[in-house]
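Student: For reference, the sequence and a predicted model appear below.
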2 protein chains.
Amino acid sequence: MTTCHGVVNLPEVRKVAIFGGTHGNEMSGVTLVNLWINNGAEIQRSGLTIKPFITNPQAVEKCTRYIDTDLNRAFTQDNLSVPRSEELPYEVRRAQEINQMFGPKGSPEAYDVIFDLHNTTSNMGCTLILESSKDHFNLQMVNYIKRAVAPASCTVLLTEHPLLQYSTTRSVGKHPIGLEVGPQPQGVLRSNIFESMRAIVKHALDFIELFNGGMEFQPCTVDVYRVSEKMDYPRDTNGNITAMVHPNLQDCDWEPLNRGDPMFQTFDGRTIEYEGGHTVYPAFINEAAYYEKHQAFTLTRRESLTANGIKASEM
Amino acid sequence: MTTCHGVVNLPEVRKVAIFGGTHGNEMSGVTLVNLWINNGAEIQRSGLTIKPFITNPQAVEKCTRYIDTDLNRAFTQDNLSVPRSEELPYEVRRAQEINQMFGPKGSPEAYDVIFDLHNTTSNMGCTLILESSKDHFNLQMVNYIKRAVAPASCTVLLTEHPLLQYSTTRSVGKHPIGLEVGPQPQGVLRSNIFESMRAIVKHALDFIELFNGGMEFQPCTVDVYRVSEKMDYPRDTNGNITAMVHPNLQDCDWEPLNRGDPMFQTFDGRTIEYEGGHTVYPAFINEAAYYEKHQAFTLTRRESLTANGIKASEM
Ligand SMILES: [Zn+2]
Ligand SMILES: [Zn+2]
């Protein structure tokens, strides 16, 4: 990696994977990836190997999030290095297989870019999920996508966090990027969500093709929402929830939440307010899959990241 | 049953059940019923036994629609009369238990009124589901509820049909009535949907209390939507869907669908139009649970039913 006039040379992208079905009931990614497995014309780009892949086929078959454990939390070094055994949870065995096919995680042989396609029941619109504020290739890619979809919006969530970050399926690749589109119920395919996801993947692949073709991308800034905290539902001593997301907050992902704003509504009609000191921006509000994770929503803070200019290095 | 001045005398209502969790991932009914099991003050009415009851506790525990088979299709005479055995599917065993507790179906000992609380991912708003056009008590009850919630709307779906009707959990009661509120994703609790459902149950119980108290309900007409046909997604020879609900139809439950109107959008962008000769009113559009039932939506026809006047008979 060398710098010249503020532009960093990065290796060309050779191997790209598009994952669907990491959660088996998130139908946009499942359907798009199956479509592209049958006919890849739409995702072909010159000089690139692009592999559409269903990561959790048993969960897709059952139209459920997972069989034994959440695949998208399973790519820890412990799981990936434990000896193979039929006794392991299905998703841990699957994580090992995926790591062999698309990794190994952290190795030079790993896939260059892995897109992982998700849906949420939250009103988050199109959200690109980055794992690192230092990945200038990904920052340039999301900057490109944001401009390409404008005036439609595409939000960037940064999951970099000392405690809250988890080991995703896409993390076996060098440049992992999640795409989360909602609102869409589990098990449902909505055409608007499907076409939004399809368009973003198209723009992402276009970006990679331009990058490989030698285009220079100038330094830029990217507004992101960085995960700062998770907020659980109020619960009783048995762990049962005692309140719902307040109607004023429901569907208001990415909108500012200030001290004193309504946050929950108890079953007996009381309002519980946000008491934090800073303005935060909630996301994944009332996501179906997060009740069991004891999370009513994620709090984020706004931040501007600077991306270096990038250019593919000459071979 | 005797008629006097167009008003039919019907027996007082003694036993009422409110079912939640017939589908374990439909959270409004699950949550309301659990709330009322803990504290029934809100649903107490003088002279009435009202039993809130979770019908499929294992499915609720797993937050899934069912364990082995759909409980809300399981109340056939065959299932209810087959000898008890641990070999039977869980929901068939459960159906037999429910039939013993709240039936037997068709017998004089059966509960008088059974409400069954459901959610749908479809944009159906509040929908009361009747099984018979001849049940004047239920027709009067839905008429009362429709007036009580106005100007909010509450639609009535009539499932009476020679082929498409199925054997519901609530059918063990003398006056079965379903309440379906949406849109709400599976596994999610939305405060607006929760409070709408709660209000309708309140009005229903008020109606029963007034009826028992001797109030005379005058003859009336009730506009209903009668199930006429089910429509599947277009599929390939492997049974995989090849099209989505068209964006012009998505979320347009209860709106007229005419010949030539867009119905599906294929993955390659073609529009498939409705070709039927009559105006129909779709419902359950893109309901998550109905993909496996090969149903993209239900077609209904509008109809006006006449209800006799009713009055509780003197004891
Ligand atoms: Zn997901
Ligand atoms: Zn249901």
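Tutor: Looks like it arrived, so ask away. Ligands and ions are numbered 1, 2, ... in the order given.

Student: Look up the closest residue to the spatially most central residue of chain A, ignoring the ones flanking it.
Tutor: Among the residues of chain A, A:G178 comes closest to the average C-alpha position under CA atoms, centre = their mean, at 2.6 Å. Spatially, and ignoring its direct neighbours in sequence, A:G178 is nearest to A:I129 (3.3 Å; CB to CB, 6 or more residues apart in numbering or on different chains). For the C-beta atoms, the positions are set from N, CA and C on the backbone; glycine is no exception.

Student: isn't that neighbour right up against A:L157?
Tutor: Yes - at 4.8 Å, A:I129 and A:L157 qualify as touching, with contact defined as CB atoms under 8 Å.

Student: joint contacts of those two?
Tutor: Here A:I129 and A:L157 share the contacting residues A:E180, scored by CB atoms under 8 Å, 6 or more residues apart in numbering or on different chains.

Student: Next, count neighbours for A:F267.
Tutor: 21 (other CB atoms under 10 Å in any protein chain shown).

Student: my read: it touches B:W36, true?
Tutor: No - the pair A:F267 / B:W36 is not scored as a contact, 10.4 Å apart, by CB under 8 Å.

Student: which residues in the stretch 151-300 of chain A form helices?
Tutor: For the stretch 151-300 of chain A, the helices defined by DSSP state H, counting those that start in this stretch cover A:191-212.

Student: From the contact counts, what lies against the helix or strand hosting A:T31?
Tutor: With secondary structure defined by DSSP states H and E, A:T31 is part of helix A:27-38. Contacting helix A:27-38 under the criterion 3 or more CB pairs under 8 Å, 6 or more residues apart in numbering or on different chains; DSSP states H and E are the following elements: strand A:15-20, strand A:49-54, strand A:113-119, helix A:191-212.

Student: possible to save the ones you listed as JSON lines with mean pLDDT and distance to ligand 2?
Tutor: Formatted as JSON lines, the entries for those read as follows, by pLDDT from 0 to 100; distance: least, CB to the ion, whole Å:
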{"stretch": "strand A:15-20", "mean pLDDT": "98", "distance to ligand 2": "28"}
{"stretch": "strand A:49-54", "mean pLDDT": "97", "distance to ligand 2": "29"}
{"stretch": "strand A:113-119", "mean pLDDT": "98", "distance to ligand 2": "21"}
{"stretch": "helix A:191-212", "mean pLDDT": "98", "distance to ligand 2": "23"}
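
Student: ranking the ones you listed by burial, who's on top?
Tutor: strand A:113-119 (a mean of 27; mean count of other CB atoms under 10 Å in any protein chain shown).

Student: residue contacts, A:N192?
Tutor: Contacts here follow CB under 8 Å, 6+ apart; on that basis A:N192 touches B:247, B:250.

Student: Kindly report the same for the one 10 residues further on.
Tutor: By CB under 8 Å, 6+ apart, the residues touching A:K202 are A:E42.

Student: From B:G269, how far off is it?
Tutor: Between A:K202 and B:G269 the distance, using CB to CB, to the nearest Å, works out to 14 Å.

Student: just to revisit the earlier point, how about the residue nearest to the centre of chain A: which residues does it bridge to?
Tutor: The residues listed as beta-bridge partners of A:G178 by DSSP bridges are A:D116, A:I129.
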